[in-house]
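Peer 1: Okay, here's the prediction I keep looking at, along with the sequence it came from:
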Amino acid sequence: MALDQATVARIANLARIKVTDDELQAWATDLSAIITFVEHLDEVNVDGVEPMTGVGDFPLPLRADKVSDGGYAEVVTSNAPEGALGFYTVPKVVE
Amino acid sequence: MAELLEHPKLLKGDSGEWEIVIGLEVHAQVISNAKLFSGAPVAFGAEPNTQVSLVDAAFPGMLPVLNEHCVEQAVLTGLGINGTVNKYSRFDRKNYFYADLPQGYQISQFEHPIVTGGYIDIEPEGEVPKRIGVTRLHVEQDAGKSIHDQHPTQSYIDLNRSGTALMEIVSEPDMRSGEQATAYLSKLRQVLRYLGTCDGNMDQGSMRCDINVSVRHPGDELGTRCEVKNVNSIRFVRQAIEYEARRQIRLIENGGEVVQETRLYDPNKGETRSMRSKEDAHDYRYFPDPDLLPLRLEDEFIERIRAGMPELPDAKRARFVKDYGIADYDAWVMTADQATADFFETVVKGRDAKLATNWITGDYFAYLNREGFDVTNAPIGAEKLGGLVDLISDNTISGRIAKDVFEAMIESGKDAAAIVEEKGLVQITDTGAIEAIIDEVMAKNADKVADYRGGKDKLFGFFVGQVMKATQGKANPALVNQLLKPKLDG
């Protein structure tokens, strides 16, 4: 499957990745090659196999409903470029 | 009582009558101690970013681990709304970018929700009862909170809510009026509160509602819908629906077309407005979350939860009518919430249910309203009220005196029996004593006795009143009536 430039631009926009116009073709070529490689999997006969998200048949681990974490606002906000009064602050986002 | 409408009223437009079609998506915050995928606490109103683990803040490498109790709560809710609990469900990533969503995606359930199907029976105001289908219930994470009014150019982000467990409950587009939507939301909230799975506090945001509205001429295909967000009280639901339906009708009748979009409800202006979202905003690129295995539930797990399910409002209401012989309307009032129902049952156990019901719905509720209490915190509780009802039932006091006793109970906090004893309010049921008083009253009012005997039988009430007055209301009214008649008739 080949991706065209418009599709690449759309995917980049959805993923908030900045791709300039003159980079689009290079990305389209690379991504198309990757998808073409993965398409080898189409050769596998999967008749009668339910779609699966993993091959290991393990139960999902669960946790008890106990409070065991939190209480360190300064750590949580330590990577924030900007903050005030214990909040992260970001350029105003309001629609 | 007015006739209940079989079909809700249609809206009139220039091109004929229009029907509103409504579906609701309700986000209900799960009652739990910790978050859906982390051990951080869930509490409303804490200092910013103090209820946040590194999982909730999406620090690199942090992995989600599912909270078992949140799963139980979702299953319980699914059973409570008559849904089918799926033994296989799965978590997917819903990708979008927003400042209060640090992961860049919300962990939700898209293709395989934990519950499918179900229904809720509603009694819309002025309309016949109706069954509203539920499409699905799935579990997902809540986002953080953005505060826009603290700074002119900055938004403040608090992640305390980030990662809190939500149940999204999606209805079928089965509702046709604002009344039906309001009734659905109220009933769903009541069921959630009975189940103890969500506190239903819309003003604190622990229950939120998005409304899908479209319009059509009756019998036509479904119209294009708009999603109205931010409706944070049951009162606003009807307003938002009416406004949005009329907007769509006006648009169509003026040659326009409804565009599928998300609109915000503005409670101050009573209108909806477009969020002007970019066209890609709804491309969430869902895919299975690779950090989480599928959730498989055993029959045993589901049955254990089913066995622990509390009696729900409809069943309780029917039982109250059947077991206690009270009117359906009273049973509906008494089952409004679990606390009222428990209160009612404590009062009526072993007592005259109708008398007890009258006292609860009458003087007692008036007292709660006046003093600003509810059944759980009022100084006069079920036992004390029951004590008063007992004194009426066994003829110790009359219903009239009971009202005074009740007022005295409110003032002093004492038991009814103590007040009756103290104030000497015990009802006079001794026929000899009552007869003596009747004789006295008749002697004092010889002229009226003559008038009565002359045909003015309306004076009977006067004599009853005089006897009651002479006994400070303590004479048993039935006995007074019974004894007075032959004496007056001579």
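Peer 2: That came in fine, so what should we check first?
Peer 1: Could you report the neighbour count for residue 26?
Peer 2: No chain in the question, so chain A it is. 11 (other CB atoms under 10 Å in any protein chain shown). Yep, even glycine has a C-beta here, placed from its N, CA and C like the rest.
Peer 1: ah, no, chain B please
Peer 2: 25.
Peer 1: swap in residue B:336?
Peer 2: 14.
Peer 1: Could you do residue B:315 as well?
Peer 2: 11.
Peer 1: Would you mind measuring from it to residue B:341?
Peer 2: Separation of residue B:315 from residue B:341 (CB to CB, to the nearest Å): 11 Å.
Peer 1: ok, now residue B:356?
Peer 2: Counting by CB to CB - residue B:356 and residue B:341 are separated by 13 Å.
Peer 1: ok, those two, which is more surrounded?
Peer 2: Ranked by neighbour count (other CB under 10 Å), residue B:356 and residue B:341 place residue B:356 first, with 27 against 21.
Peer 1: wouldn't that one be in contact with residue B:347 here?
Peer 2: Yes - counting by CB atoms under 8 Å, residue B:347 is a contact partner of residue B:356 at 4.9 Å.
Peer 1: what's the overlap in contacts for these two?
Peer 2: B:385-386, B:389 (CB atoms under 8 Å, 6 or more residues apart in numbering or on different chains).
Peer 1: how much space between residue B:46 and chain A?
Peer 2: Residue B:46 is 9 Å from chain A, where distance means CB to the nearest CB, to the nearest Å.
Peer 1: Please, which helix or strand holds that residue?
Peer 2: Secondary structure from DSSP states H and E places residue B:46 outside every helix and strand.
Peer 1: Report the contact partners of it.
Peer 2: residue B:160.
Peer 1: And residue B:424, by the same measure?
Peer 2: Per CB under 8 Å, 6+ apart, neighbours of residue B:424: none.
Peer 1: Dump the shared contacts of residue B:356 and residue B:347 into CSV; add distance to residue B:433, pLDDT and secondary structure as well.
Peer 2: Formatted as CSV, those follow (distance: CB to CB, whole Å; pLDDT from 0 to 100; DSSP: H, G, I helix; E, B strand; the rest coil):
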residue, distance to residue B:433, pLDDT, secondary structure
B:385, 30, 95, helix
B:386, 29, 94, helix
B:389, 25, 94, helix
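Peer 1: Strands of the stretch 201-350 of chain B, residue ranges please.
Peer 2: B:207-216, B:226-231, B:262-266, B:271-274, B:287-288, B:295-296 (DSSP state E, counting those that start in this stretch).
Peer 1: Deepest-packed of those, please.
Peer 2: strand B:207-216 (a mean of 23; mean count of other CB atoms under 10 Å in any protein chain shown).
Peer 1: In terms of secondary structure, what does it contact?
Peer 2: Strand B:207-216 is packed against strand B:16-29, helix B:178-195, strand B:226-231, helix B:234-253, with contacts defined by 3 or more CB pairs under 8 Å, 6 or more residues apart in numbering or on different chains; DSSP states H and E.
Peer 1: what sits against residue B:6?
Peer 2: So residue B:6 contacts B:127-128 (CB under 8 Å, 6+ apart).
Peer 1: try it again with 7 Å
Peer 2: residue B:128 (CB atoms under 7 Å, 6 or more residues apart in numbering or on different chains).
Peer 1: worst-scoring helix or strand of chain A, pLDDT-wise?
Peer 2: strand A:83-84 (a mean of 88; mean pLDDT, DSSP states H and E).
Peer 1: Please pull up the helix or strand immediately following it.
Peer 2: strand A:87-91.
Peer 1: Now that following strand: buried residues?
Peer 2: Using 16 or more other CB atoms under 10 Å in any protein chain shown as the test for burial, strand A:87-91 gives A:87-90.
Peer 1: next one: stretch A:53-68
Peer 2: A:60, A:63, A:65, A:67.
Peer 1: May I have the secondary structure class of residue A:9?
Peer 2: Per DSSP: H, G, I helix; E, B strand; the rest coil, the secondary structure class of residue A:9 is helix.
Peer 1: That one contacts residue A:25, correct?
Peer 2: No - Residue A:9 is beyond contact range of residue A:25, at 10.9 Å (criterion: CB atoms under 7 Å).
Peer 1: more crowded one of the two?
Peer 2: residue A:9 (15 against 12).
Peer 1: quick one on the thing from earlier: to residue B:142, which of the strands of the stretch 201-350 of chain B lies closest?
Peer 2: strand B:207-216 (9.5 Å; CB to CB).
Peer 1: Would you give the sheet partners of the closest one, along with the direction of each?
Peer 2: strand B:16-29 (antiparallel), strand B:226-231 (antiparallel) (DSSP bridges).
Peer 1: Comparing those by mean pLDDT, which bottoms out?
Peer 2: Ranked by mean pLDDT, the strands paired with strand B:207-216 end with strand B:226-231 at the bottom, a mean of 89.
Peer 1: Just checking the distance from that strand to the centre of its chain.
Peer 2: Distance of strand B:226-231 from its chain centroid, counting by CA atoms, centre = their mean, to the nearest Å, is 22 Å.
Peer 1: Of all residues in the chain, which one is nearest the centre?
Peer 2: If you meant another chain, say so; for now it's chain A. residue A:15 (7.4 Å; CA atoms, centre = their mean).
Peer 1: To clarify, I was referring to chain B.
Peer 2: Most central in chain B (CA atoms, centre = their mean) works out to residue B:190, at 4.2 Å.
Peer 1: Could you tell me how far that residue is located from residue A:18?
Peer 2: Residue B:190 is 50 Å from residue A:18, by CB to CB.
Peer 1: what does residue B:29 give?
Peer 2: From residue B:29 to residue A:18 the distance is 36 Å (CB to CB).
Peer 1: Which one of the two is surrounded by more residues?
Peer 2: residue B:29 (24 against 8).
Peer 1: what's the burial count for the nearest residue to the more buried one once chain neighbours are set aside?
Peer 2: Closest residue in space to residue B:29, ignoring its immediate chain neighbours: residue B:206 at 4.0 Å, by CB to CB, 6 or more residues apart in numbering or on different chains. Residue neighbour count, defined by other CB under 10 Å, stands at 22 for residue B:206.
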